[in-house]
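Asks: need a structure here:
(chains A and B)
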Amino acid sequence: MKVVDRDKVRNELLTILTELREDWEYSNEITEQTGIFSDLEFESIDAVALGSAVEEHFDQSLPFAEFLIKAGERQVKDITIGDLLDFLMANLDGAKGRPK
Amino acid sequence: MAKALLNGINVHYQVKGEGPDVVLVHGITSTLALWYTRIMPALIQDYRVTMYDLRGHGYTDLTPSGYTSGEMAVDLLALMDHLEIEQARLVGHSFGGSIGLHLALLHPDRVAGVVLSDTGIACLRRLRTIRDWPGWDLYRDQLAKYGITYDWFVEAESEDVATVIRKSIEIPQQFGPRKGSTRATPRFRRLIEETSVSGDFRQVAGLTEERLAEITTPVAAVYGETSPYKEMAVHLAGIRPNYSCEILEDIGHFYLLLRPDMFLERISGFLRDPAAYVADRRGSEGENGEAVRRATGAPPAPSKGRS
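Replies: Alright, predicted model coming up:
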């Protein structure tokens, strides 16, 4: 089983993000605290498209709709890059820390 | 991200699940994200579900024109051809329902049934009940901050609906993950400023009242009691065969976002067998307006404050 680590997934996630947004205007550094809605000015459809892009990149189906629902239920103000990484580390095949 | 080149534009779509085909059609200024978290995951247990971004919306290409229900029905047909969907149940929210009706009119063999989720139909515009909209009372102060009053709205809307839309998008989001933030995103502004959408969606475009009556495809309408379009749903019961209608109490145009589980419950029987469902409802409740059934759909919102 291939093993992936958080730093590698973070780098790949940032690449996916920049490829997704053709009209990218965000010039600050993206950290794990960066919010996709408040900082990156995502709309709901961008979050959905990100989910598809991540699934395609990692060639794996992921419970992304469930992830968005849970974020809504927690009434969090935003979804951060760190939240996305937590989600990916918990669900990607071969990711360190993935529950058996 | 899946895209297909159809009628000269790249159309963004998603397909999930297995079973009879269901196609979800969002309304003007929305996207397929409307369905993504609640509706799609539930329906893919029993159906192959396709959802897509309309022309000019989301990740589908924007064009200067082509936004009438007839033109959008041609886009939908092209997507169904591309995905080899012979026949589908169509679920349309708001303007998406008009697109579904238009496709049922033009190609009845391709449409097994249409769900109208609070669809305002252009040829029935006279039946809108804007003055009765509870929001005028509930949101009066908030709307006034953005220069929107009832009198201004009625006058401006009849002259220049684009101005009304421009003003209304200054009001912060009411639902979803971006609640409280602006609706005036660059994508939204491009749609309003660079296309004919604000005039096109109000065009009858051939979907006249007479033609509506000719559509034999089963239709299930689910409307909110406080929606400006409720009377259209009641009126349709008088002119259309194969039609059933439910009015959800104390809830408005966007009940789909507030109470997705209730919506799914209301349409499940219809989606299983549209013709049988409508025939059964007609048989048990009589003709015309008697087919309108009220359903309790009270959200925990202060909609009782209506005077």
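Asks: Could you use CA atoms for every contact and neighbour count after this?
Replies: Noted.
Asks: need the contact list for the residue of the stretch 51-200 of chain B found nearest chain A.
Replies: Residue nearest to chain A within the stretch 51-200 of chain B: B:Gly58 (6.2 Å; C-alpha to the nearest C-alpha). In this structure, B:Gly58 makes contact with A:45-46, B:12, B:30-32, B:187, judged by C-alpha atoms under 8 Å, 6 or more residues apart in numbering or on different chains.
Asks: B:Ile85: which element?
Replies: Secondary structure from DSSP states H and E places B:Ile85 outside every helix and strand.
Asks: surely it meets B:Asp21?
Replies: Yes: using C-alpha atoms under 8 Å, B:Ile85 is in contact with B:Asp21, at 7.0 Å.
Asks: between the two, who's got more neighbours?
Replies: Taking other C-alpha atoms under 10 Å in any protein chain shown, B:Ile85 and B:Asp21 do not tie; B:Asp21 has more neighbours (24 against 18).
Asks: which residues does the more buried one bridge with?
Replies: Under the criterion DSSP bridges, B:Asp21 forms beta bridges with B:Arg48.
Asks: Filter the contacts of B:Gly58 down to the ones in strands?
Replies: In this view, these that belong to strands under DSSP state E are B:His12.
Asks: For ChimeraX, write a command that selects the buried ones of the contacts of B:Gly58.
Replies: Those of the contacts of B:Gly58 that count as buried under 16 or more other C-alpha atoms under 10 Å in any protein chain shown are selected in ChimeraX with:
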select /A:45,46 /B:12,30,31,32,187
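Asks: Using just helix, strand and coil, how would you label B:Leu5?
Replies: strand (DSSP: H, G, I helix; E, B strand; the rest coil).
Asks: any idea how far the residue lying closest to it once chain neighbours are set aside lies from chain A?
Replies: Nearest non-adjacent residue to B:Leu5, counting by C-alpha to C-alpha, 6 or more residues apart in numbering or on different chains: B:Val11, 6.3 Å away. Note on B:Val11: its distance to chain A, by C-alpha to the nearest C-alpha, to the nearest Å, is 13 Å.
Asks: In this structure B:Val11 contacts B:Gly56, no?
Replies: No: contact criterion C-alpha under 8 Å: B:Val11 and B:Gly56 do not qualify, at 9.3 Å.
Asks: Sketch out the helices for chain A, chain order is fine.
Replies: Ranges of helices in chain A, per DSSP state H, are A:6-20, A:44-58, A:64-73, A:81-91.
Asks: Output those helices in CSV; the columns should cover mean pLDDT and distance to B:Ala220.
Replies: Output for the helices of chain A, formatted as CSV (pLDDT from 0 to 100; distance: least, C-alpha to C-alpha, whole Å):
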stretch, mean pLDDT, distance to B:Ala220
helix A:6-20, 91, 37
helix A:44-58, 94, 27
helix A:64-73, 89, 27
helix A:81-91, 95, 38
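Asks: rewinding a little: and which of the contacts of B:Gly58 is nearest to B:Thr195?
Replies: Of all the contacts of B:Gly58, B:Thr195 sits closest to B:Arg187, with 11.8 Å by C-alpha to C-alpha.
Asks: Many thanks, I have nothing further to ask.
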